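**Student:** Below: sequence and its predicted model.
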Amino acid sequence: MAGKIPSTFIDELLSRSDILDVVQRRVSLKKQGKDYSACCPFHSEKTPSFTVSQTKQFYYCFGCGASGSAIGFVMAFENIGFVEAVEELASSAGMDVPRDKQDHRYHEKQHLYEVMQKAASFYAQQLQHSTESTKAQDYLKNRGLSPEINLAFGIGLAPSSWDGLHKHLSKEGVSTKSMVEAGLVLTNKTDGHYDRFRNRIMFPIRDNRGRVIAFGGRTLGDDKAKYLNSPETDIFHKSSTLYGLYEARKANRELNEIIVVEGYMDTIALAQFSINNAVATLGTATNEHHLNNLFRACHHIIFCFDGDRAGHQAAWRALKNSLPLLRDGRQIQFLFLPDGEDPDSYIRKHDVESFRQQVVNATPFSSYFFEKLSENINLDTIDGCAVLATRAKPLLKEIPNGVFSQLMQQQLNKIIGYKSNSLSTLNGSANYHRGPRKSHATQMSPVRHAIRMLLEFPAIAKDVDINDILDIDLPGVSLLQEIITTVQKNPDISCGSLLERWRESENGKHLNKLASVPIHLPQEGLEKEFKDTIKSLIKIRIDHQIQSLLDKSVGEPLSADESSQLATLLRDGKSKN
């Protein structure tokens, strides 16, 4: 997959994507010397062993060994593939990812985006100018939506005819096959085709880059399905998509908090009242994919639900799914509206300031956590306290180690009157931490030492004559030669970019480990050390060649050329001492 994107583009992308910025948007870092540190986001720990080097554009965890470039970090943190990580970084850097003409899957997806955009334009046009638009416009007006907000969210109208969209897209040159793949058209038993959405208000669903990937349709008739969503396609995955997230990011230069509501109209109604930071799941419970997308956008999430039983059930599911993602610096609150109210109805019945105050007074995560677990328990008894501790134990274990985790455990101690300073006994084991491994000076071979210095400062290879280290019979020499050649072809390449070149090879693992070994030398000292190491490798090559010729001379006379070569080697070897 990586081969389909030119390495020159990867180098340029990494040069524009400062790993410090990439990591800091997801993890709270602290300055530590010339580098930055944090508790590792990839394993549980209490003492930071995760390090980010801005100089080398490289991250490494001394606890679990996770390491790599900005691309590798995004892949691991977001749990996405190489191409998706490249696309995300490219989008942030304002770059377009070049593609191999043979990358059929990519081009098929691009075609689907184009089809969906044409469909969105058709629906929007129908809302404005079709003979059926009056009923739809009246509905939207009665819901309190202005033409401006309709335009901002791209709201449209699917006509009531069986094949209005199919006919239109056919005239636009779109094949029926593409319409079916996009989820816009269905096929009946007689090989006829008809529109999936008919006589519905249409809500385009966009991805993080603003591309239309699906639609939600609200019926204007008496259909049994009040709301209908697009099916899963190559570009639309309902379980990870948030309606309105693109619009929220577009309306806010910086998102300080996001309000998660339950439907399209709630999101749009809040935007109508200038609350432009609401998003909605698409009829599914808030899951880990949704939460990752939310925390990628900001660190403060407020779930807004109806105060009835169903609302509390949805809130508890969201709470449990969020536990493994609650790293320090992330905040979750819960807002429960009066029974029978949703954000749309509440803000119109009361006013926008009243809703804002509800948001300010939203219940903190910790309060809701312990309130919910304490239901139907008498905490005035030892038995009740034991029940609460038993309920809380497996859930607290899911929270990543850190300040928040410790405070949650302390709060449980306080509630049940537990006098110990920790909940180690309740958790079933003593608090265990594997911190950074101690760095000890280790003896490296000259080849490994040279590679390690190149990773620290690649530019030191610019004056090396690759011919000087050919034919050296030592492990790792071929890799050293490849790295030197790569640096000389790409003089500005960073450590992170070098590591990216060997990502999928066995050597990539060794390079990541070498890059984590500290070198306590200034740049000038590093350059001298590297030159001396290359000289030692040249000396090793000369010694090997001399020994080979001497061994041969024992059994048979050397030729004139070989004798001349031996003399030259002996002279060169002497000069290297």
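**Tutor:** Thanks, I have it. Given the structure is predicted, the values throughout are model-derived calculations rather than measurements.
**Student:** In the chain, where's the longest helix?
**Tutor:** Looking across the chain with DSSP state H, the single longest helix is helix 523-555.
**Student:** Now do the helix or strand just after that helix: distance to the chain's middle.
**Tutor:** Helices and strands here follow DSSP states H and E; after helix 523-555, the next one along the chain is helix 560-576. Centroid separation between helix 560-576 and its chain, computed with Cα atoms, centre = their mean, to the nearest Å, is 57 Å.
**Student:** Just want the angle from helix 560-576 to helix 523-555.
**Tutor:** Using axes from the mean of the first three to the mean of the last three Cα atoms, to 10 degrees, the inter-axis angle of helix 560-576 relative to helix 523-555 is 150 degrees.
**Student:** Without its sequence neighbours, what residue ends up closest to the residue nearest in space to the middle of the chain?
**Tutor:** Central residue of the chain (Cα atoms, centre = their mean): E78, 3.0 Å from the mean position. Distances taken as Cβ to Cβ, 6 or more residues apart in numbering put N292 closest to E78, at 6.1 Å, once the chain neighbours are dropped. (C-beta placed from N, C-alpha, C; glycine too.)
**Student:** isn't V487 right up against F457?
**Tutor:** No - using Cβ atoms under 8 Å, V487 is not in contact with F457, being 10.0 Å away.
**Student:** Same drill for those two, tell me which one is more crowded.
**Tutor:** V487 (20 against 17; other Cβ atoms under 10 Å).
**Student:** Just say helix, strand or coil for the more buried one.
**Tutor:** helix (DSSP: H, G, I helix; E, B strand; the rest coil).
**Student:** need the contact list for the nearest residue to it once chain neighbours are set aside.
**Tutor:** Spatially, and ignoring its direct neighbours in sequence, V487 is nearest to A461 (4.3 Å; Cβ to Cβ, 6+ apart). Contacts for A461 were tallied using Cβ atoms under 8 Å, 6 or more residues apart in numbering; they are 454, 483-484, 487-488, 530.
**Student:** any idea how far A461 is from T485?
**Tutor:** Noted for A461: a distance of 9 Å to T485, by Cβ to Cβ, to the nearest Å.
**Student:** Over to K528?
**Tutor:** 22 Å.
**Student:** what do you get for I451?
**Tutor:** 13 Å.
**Student:** More neighbours: the two, which one.
**Tutor:** I451 (25 against 13).
**Student:** list the contacts for that one?
**Tutor:** Counting by Cβ under 8 Å, 6+ apart, I451 makes contact with 476, 479-480, 483, 511, 514.
**Student:** Just send those residues back as CSV, with neighbour count too.
**Tutor:** Formatted as CSV, the contacts of I451 follow (neighbours: other Cβ atoms under 10 Å):
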residue, neighbour count
G476, 18
L479, 17
L480, 24
I483, 23
L511, 24
L514, 19
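**Student:** Hmm, N507 and L479 touching each other?
**Tutor:** Yes - contact criterion Cβ under 8 Å: L479 and N507 qualify, at 5.4 Å.
**Student:** Make sure Y194 is indeed in a strand.
**Tutor:** Yes - according to three-state DSSP, Y194 belongs to a strand.
**Student:** and S92, how many neighbours does it have?
**Tutor:** S92: 15 neighbours (other Cβ under 10 Å).
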